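Chemist: the following comprises the amino acid sequence and a computationally predicted model.
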Amino acid sequence: MLRIAVPNKGSLSGPAADMLHEAGYQQRRESKELRIVDPVNDVEFFYLRPRDIAIYVASGRLDIGITGRDLLIDSGANAEEILPLGFARSTFRYATKPGTIDGPADLNGKTVATSYEGIVAKHLADSGIDASVVHLDGAVETAIQLGVAQVIADVVETGTSLRNAGLEVVGEPIMTSEAVVIRRTGTDGEEPKVQQFLRRLQGVLVARTYVMMDYDCRVEQLEKAVALTPGLESPTISPLHNEGWVAVRAMVPAKDAQGIMDDLYDIGARAILTTAIHACRL
Ligand SMILES: Nc1ncnc2c1ncn2[C@@H]1O[C@H](COP(=O)(O)OP(=O)(O)OP(=O)(O)O)[C@@H](O)[C@H]1O
Ligand SMILES: O=P(O)(O)OC[C@H]1O[C@H](OP(=O)(O)OP(=O)(O)O)[C@H](O)[C@@H]1O
Ligand SMILES: [Mg+2]
């Protein structure tokens, strides 16, 4: 049975469960459940603290896990990313009170508060900066106001938390993060159950980012139309009862769909429809 670690709390937890549900896996009904078995798919899910997931997976007791790239790197655990999942996107950055610091070099001699000591200590060492790090569990923005540190290093998504605390970012992001699937470093990548799990999640990612587009066009316009909708492999072309017309079907990126419909209309295509894709195996 495949054993999978899933975040039990925080920003990763809801979207991870939604994605697994969309991929056809049974998920827990109640947020206190720590483990469930999905007998149909022969999978056991363990609901763990996001920060602990890389450690469990690195131990080899669990086959794969869903966590944040930043948490994986911060843990220093012997685990590697095998599939980015496109949710819980964020950057990881230094921030301070405006006017305190111009760039990362000014961090010398300062104290940095963070919940991600592993990432920060490595970044400081790699950049040759001599600063001390104080570990806090969360709400690190307050550390500056209360004088525990002059600088923080934290997750930034919209920047609202920084603005509310009267802070501004310093320098470029230390890293960008999103939810990722991880496994123990160097494990057999061909394991069929793992491959099937990854294909299912990839199917969800494709279903979320593509739509199916159907339209009719004159044979003379077909090459132009196909250039606008090349599909993933190649579009399906079917004859229509009306001589000189064909029906075309192709997957297109959802974010481009409206623009492509305009362009198709302009070259004479008609009955242009888009429909959602609910599931997919490429
Ligand atoms: N506002 C956010 N937007 C996007 N991703 C976030 C945000 N806050 C945290 N994350 C991501 O969530 C993961 C951290 O999860 P964790 O549960 O430890 O903290 P959290 O989401 O801040 O929840 P909490 O603080 O309530 O425990 C990291 O991968 C981090 O990048
Ligand atoms: O840029 P934003 O959109 O404001 O998001 C970033 C904030 O979200 C997280 O905080 P959370 O609310 O999880 O609290 P925490 O600091 O206790 O983890 C993170 O630690 C930042 O503070
Ligand atoms: Mg948090």
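Modeler: Done, it's in. Ligands and ions are numbered 1, 2, ... in the order given.
Chemist: contacts, neighbours, all on C-alpha from now
Modeler: Fine.
Chemist: helices of the stretch 101-250 of the chain, start to end?
Modeler: Ranges of helices within the stretch 101-250 of the chain are 117-126, 142-145, 160-164, 192-209, 222-228, based on DSSP state H, counting those that start in this stretch.
Chemist: how far away is the closest residue to Ala271 other than its chain neighbours from ligand 1?
Modeler: Distances taken as CA to CA, 6 or more residues apart in numbering place Tyr215 nearest to Ala271, at 5.3 Å, with adjacent residues excluded. Distance, Tyr215 to ligand 1, by CA to the nearest ligand atom, to the nearest Å: 38 Å.
Chemist: specify the beta-bridge partners of Tyr215.
Modeler: Counting by DSSP bridges, Tyr215 is bridged to Val248.
Chemist: Ala16: which of the helices of the stretch 101-250 of the chain is closest?
Modeler: helix 192-209 (10.4 Å; CA to CA).
Chemist: run the chain-centre distance for that closest one.
Modeler: In terms of CA atoms, centre = their mean, to the nearest Å, the centre of helix 192-209 is found 13 Å from the chain centre.
Chemist: could you export it as PDB, CA atoms only?
Modeler: The C-alpha trace of helix 192-209 is given here as PDB (Å, rounded to 0.1, in the frame of the first residue of the first chain):
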ATOM      1  CA  PRO A 192       4.400   1.800 -10.600                       C
ATOM      2  CA  LYS A 193       2.200   3.000  -7.600                       C
ATOM      3  CA  VAL A 194       4.200   6.200  -7.300                       C
ATOM      4  CA  GLN A 195       4.100   6.800 -11.000                       C
ATOM      5  CA  GLN A 196       0.300   6.300 -11.000                       C
ATOM      6  CA  PHE A 197      -0.100   8.700  -8.200                       C
ATOM      7  CA  LEU A 198       2.000  11.400 -10.000                       C
ATOM      8  CA  ARG A 199       0.000  10.800 -13.300                       C
ATOM      9  CA  ARG A 200      -3.200  11.400 -11.400                       C
ATOM     10  CA  LEU A 201      -2.000  14.700  -9.900                       C
ATOM     11  CA  GLN A 202      -0.600  15.800 -13.300                       C
ATOM     12  CA  GLY A 203      -4.000  15.000 -14.700                       C
ATOM     13  CA  VAL A 204      -5.600  17.400 -12.200                       C
ATOM     14  CA  LEU A 205      -3.000  20.100 -13.000                       C
ATOM     15  CA  VAL A 206      -3.800  19.800 -16.700                       C
ATOM     16  CA  ALA A 207      -7.600  19.700 -16.100                       C
ATOM     17  CA  ARG A 208      -7.200  22.900 -14.100                       C
ATOM     18  CA  THR A 209      -5.100  24.800 -16.600                       C
END
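Chemist: helices or strands next to it in the packing?
Modeler: helix 10-22 (3 or more CA pairs under 8 Å, 6 or more residues apart in numbering; DSSP states H and E).
Chemist: quick one: is the helix it packs on near ligand 1?
Modeler: Yes: using CA under 6 Å from any ligand atom, helix 10-22 comes into contact with ligand 1 via 10-12.
Chemist: residue ranges of the strands in the stretch 151-282 of the chain, please?
Modeler: Listed in chain order, the strands of the stretch 151-282 of the chain (DSSP state E, counting those that start in this stretch) span 151-156, 168-177, 179-184, 210-218, 236-239, 245-253, 270-276.
Chemist: now render these as JSON lines, adding mean pLDDT and distance to Glu191.
Modeler: Converted to JSON lines, the strands of the stretch 151-282 of the chain look like this (pLDDT from 0 to 100; distance: least, CA to CA, whole Å):
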{"stretch": "strand 151-156", "mean pLDDT": "98", "distance to Glu191": "34"}
{"stretch": "strand 168-177", "mean pLDDT": "96", "distance to Glu191": "27"}
{"stretch": "strand 179-184", "mean pLDDT": "98", "distance to Glu191": "12"}
{"stretch": "strand 210-218", "mean pLDDT": "98", "distance to Glu191": "28"}
{"stretch": "strand 236-239", "mean pLDDT": "97", "distance to Glu191": "33"}
{"stretch": "strand 245-253", "mean pLDDT": "98", "distance to Glu191": "30"}
{"stretch": "strand 270-276", "mean pLDDT": "98", "distance to Glu191": "31"}
